[in-house]
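Asker: Fold the following, please.
(chains A and B)
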Number of protein chains: 2
Amino acid sequence: MSSFKTIEWKDNKVIMIDQTKLPNEEVYLKCQTYEDVADAIKRMVIRGAPAIGVAAAMGIALGAIKIETSDRAKFLGEVNKITDVILATRPTAVNLFWAGKRMLRVLDERESNINQIKTRLVQEANNILEEDIEICRNIGRIGAELIKDNSVVLTHCNAGALATAGYGTALGVVRCAYEAGKNIKVIATETRPFLQGARLTAWELHKDGIPVSLITDSMVGHIMSKGMVDAVVLGADRIARNGDFANKIGTYSISVLAKSHGIPFYVAAPISTIDYDCPEGSSIPIEERDTAEVTHILGNRIAPDVNVYNPAFDITPSENISSIITEKAVVREPFIKGLSELIK
Amino acid sequence: MSSFKTIEWKDNKVIMIDQTKLPNEEVYLKCQTYEDVADAIKRMVIRGAPAIGVAAAMGIALGAIKIETSDRAKFLGEVNKITDVILATRPTAVNLFWAGKRMLRVLDERESNINQIKTRLVQEANNILEEDIEICRNIGRIGAELIKDNSVVLTHCNAGALATAGYGTALGVVRCAYEAGKNIKVIATETRPFLQGARLTAWELHKDGIPVSLITDSMVGHIMSKGMVDAVVLGADRIARNGDFANKIGTYSISVLAKSHGIPFYVAAPISTIDYDCPEGSSIPIEERDTAEVTHILGNRIAPDVNVYNPAFDITPSENISSIITEKAVVREPFIKGLSELIK
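Answerer: So this is what the prediction gives:
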């Protein structure tokens, strides 16, 4: 397990490690209201598809327990409104919507007493958290078999304990291989503009004693051409039915480079990341974020006031993927078949 | 022409725009000694292969005029020592060594009077500067013919007026196409770790009114997949006899991505960048720079204290190049033949 808690429910508050402050400060944000949680998701205090799912569920529960009414219909209406606010925070990661749906299903349960529903919502949010850790452990166990001893694994962004309720997806695979005694080294791309690789992945692995080297995103081709990378393992924010997937901007470039160097390219993600309603990558909405993320770093201006593109994600076509590692099985070509079998 | 001076000789001083301070401050560094110039090259106050060549020549001239001796042999020995110091500043860009050799050839001229040699050294350094501007204009004129009207040109790092005595190589091509009335837009990669794209290319083009959009290095594949790039044009720090070339880290990745998307990939560089003694890319020394360039940005820490790779350049094999644009001609496959014909 990782040596810190990404998010937890405590004394009717949602506590999360503030990922905008890492690696320089390890501070925890206490969310008192669902608006605090929505703001934290938007500002990327918490990020990573599975962690956003947990945060969304906890945000909905937090909003629900503060509703002061004895009118059941009014209460349900308020919970729906809160859910809408939470789901409007970020568009790409499907786990947000998955968690929202799962919380709303609690409202359809037979409890009619408002207090009972409140208790069930809090319970369900905590279930999602506990299940996420268990899912990550299974992804880790299944994925670790693909990682040979004495391997260097390149990862992008942070699909670690910080991106989940704990343990991580891509870094869960690394962690499990490492815990099994394999000699594993990680190369982390810094992942501009938000620097999740430099700030979060390097911090998380370093803290847990797993060897990690940091590079800029521009170095990926060079180190691959030098034979320094044995496998790429990274996460996903949404996987379409056909295996195309959205992940942090830069993932697509890495997939092209991995293919051109004959390096296996693995995607590690829970089944909740698969959007079976989405036929292919081009249907996934891509979030455009504030241009200041590109023109400024830690509040300091690094560029003049010019036009900027800042898509937060890109789409990698399934033909660039070696396998998708889920908590149930490793899925290979043809992905449309393998992914559909996961929910049979 | 660009609206600022990258480097000039004035009142027996070498004045250069401090590129570490851009874009936030436009300040000029006055180098009083050759050690000041060597330090400026090392710290990348001035950078870019052709500009380094000019700075090296001016540094040698500056050192030479301050030597106080009437002993010719002693004087020549001192000039050689100064040249050694200047040439030890950076290993990859061959223009540095080319300029050094050219300055030392002045010592073989028939002037025996020390003052005459001093005058000739200053004159030769200024000749190198003037010629560089002329060379860039010719590269621009020849290269602009390859750039279609209504094109979006992607460039990496800064091969602009700031990387040369003026006008630029890759940006000389852009500038010339733009001045000829073509509708040209530039996409500049920010170019981590030193951010030459964000800090210098965006600043230089914006200042001169040429439309420029800024992206992070990780976005290149994504925007190419969206059909947003018509051509890649960038510079070179050293070109081997067979056409392989060293350029800013990230260039190789871009070449692989351009090839996989069928986008023309042009290298713009003066003939002085071609190292005819170097058979292929693997023989080019690659500078490793301070890891703090990766772990810190503008003095602020962005990563924990982990292992870091920081190669300043990478090698792109000639098979990824569409053409090399020089001041004499556009060179295409087979490069070994085309490059050798340039000096016949």
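Asker: okay, CA-based contacts and neighbour counts for the rest of this
Answerer: Noted.
Asker: Kindly check the end-to-end length of stretch A:260-277 for me.
Answerer: The first residue of stretch A:260-277 is 31 Å away from its last residue (Cα to Cα, to the nearest Å).
Asker: how far is it from where the chain is centred?
Answerer: 13 Å (Cα atoms, centre = their mean, to the nearest Å).
Asker: Stretch A:124-131 now?
Answerer: Per Cα atoms, centre = their mean, the displacement of stretch A:124-131 from the mean C-alpha position of its chain is 16 Å.
Asker: Likewise for stretch A:180-188?
Answerer: 21 Å.
Asker: any residue of that stretch up close to chain B?
Answerer: No - contact between stretch A:180-188 and chain B is absent, the nearest approach being 9.1 Å (criterion: Cα under 8 Å from any Cα of the partner chain).
Asker: List of residues touching that stretch?
Answerer: By Cα atoms under 8 Å, 6 or more residues apart in numbering or on different chains, the surrounding residues in contact with stretch A:180-188 are A:148-157, A:174, A:177-178, A:197-198, A:201-202, A:210-215.
Asker: Name the residues of the stretch 201-344 of chain A found near chain B, please.
Answerer: Residues of the stretch 201-344 of chain A lying near chain B by Cα under 8 Å from any Cα: A:202-203, A:206, A:212-222, A:249-253, A:256-257, A:260, A:294-295, A:297-298, A:300-304, A:306-310, A:314-315.
Asker: Can you turn the buried subset of those into a selection I can paste into ChimeraX?
Answerer: Here the buried members of those are turned into a ChimeraX selection, burial being counted by 16 or more other Cα atoms under 10 Å in any protein chain shown:
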select /A:202,203,206,212,213,214,215,216,217,218,219,220,221,222,249,250,251,252,253,256,257,260,294,295,297,301,302,303,304,306,308,309,310,314,315
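Asker: Next step: the residues of the stretch 201-344 of chain A next to chain B restricted to helices.
Answerer: Using DSSP state H, the members of those that fall in helices are A:202-203, A:206, A:220-222, A:251-253, A:256-257, A:260, A:294-295.
Asker: Output those residues as JSON lines; include the columns pLDDT.
Answerer: What follows is these, written out as JSON lines (pLDDT from 0 to 100):
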{"residue": "A:202", "pLDDT": "98"}
{"residue": "A:203", "pLDDT": "97"}
{"residue": "A:206", "pLDDT": "96"}
{"residue": "A:220", "pLDDT": "98"}
{"residue": "A:221", "pLDDT": "98"}
{"residue": "A:222", "pLDDT": "98"}
{"residue": "A:251", "pLDDT": "98"}
{"residue": "A:252", "pLDDT": "98"}
{"residue": "A:253", "pLDDT": "98"}
{"residue": "A:256", "pLDDT": "98"}
{"residue": "A:257", "pLDDT": "98"}
{"residue": "A:260", "pLDDT": "98"}
{"residue": "A:294", "pLDDT": "97"}
{"residue": "A:295", "pLDDT": "97"}
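Asker: who does residue A:300 bridge with?
Answerer: Applying DSSP bridges to residue A:300 yields these beta-bridge partners: residue A:297.
Asker: sorry, back to before: biggest separation within the ones in helices among the residues of the stretch 201-344 of chain A next to chain B, which pair?
Answerer: Taking every pair in these and measuring Cα to Cα, the maximum separation is 31.3 Å, between A:260 and A:295.
Asker: returning to what we had before: whichever of the contacts of stretch A:180-188 end up buried, select them in ChimeraX.
Answerer: For selection in ChimeraX, the members of the contacts of stretch A:180-188 meeting the burial criterion (16+ other Cα under 10 Å) are listed in this command:
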select /A:149,151,152,153,154,155,156,157,174,177,178,197,198,201,202,210,211,212,213,214,215
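Asker: what distance separates stretch A:158-178 from the centre of its chain?
Answerer: 10 Å.
Asker: Any part of that stretch near chain B?
Answerer: No - applying Cα under 8 Å from any Cα, one finds stretch A:158-178 out of contact with chain B, separated by at least 13.2 Å.
Asker: Using CSV, write out every CA atom in that stretch.
Answerer: What follows is stretch A:158-178, C-alpha atoms only, in CSV (Å, rounded to 0.1, in the frame of the first residue of the first chain):
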residue,chain,number,x,y,z
ASN,A,158,0.1,9.9,-12.6
ALA,A,159,-2.0,6.7,-12.6
GLY,A,160,-0.8,5.9,-9.0
ALA,A,161,-2.2,5.9,-5.5
LEU,A,162,-2.8,9.6,-5.9
ALA,A,163,-5.0,9.0,-8.9
THR,A,164,-7.1,6.3,-7.2
ALA,A,165,-8.3,5.6,-3.6
GLY,A,166,-4.9,4.0,-3.1
TYR,A,167,-2.3,1.7,-4.7
GLY,A,168,-2.9,2.9,-8.3
THR,A,169,-3.7,1.4,-11.7
ALA,A,170,-0.5,1.8,-13.8
LEU,A,171,1.6,2.3,-10.7
GLY,A,172,-0.4,-0.6,-9.1
VAL,A,173,1.1,-2.8,-11.8
VAL,A,174,4.6,-1.4,-11.0
ARG,A,175,4.0,-1.7,-7.2
CYS,A,176,2.8,-5.3,-7.4
ALA,A,177,5.8,-6.3,-9.6
TYR,A,178,8.1,-4.5,-7.2
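Asker: Give me the buried positions along it.
Answerer: A:158-178.
Asker: Equivalent analysis for stretch A:233-240, please.
Answerer: So for stretch A:233-240, counting by 16+ other Cα under 10 Å, buried means A:233-240.
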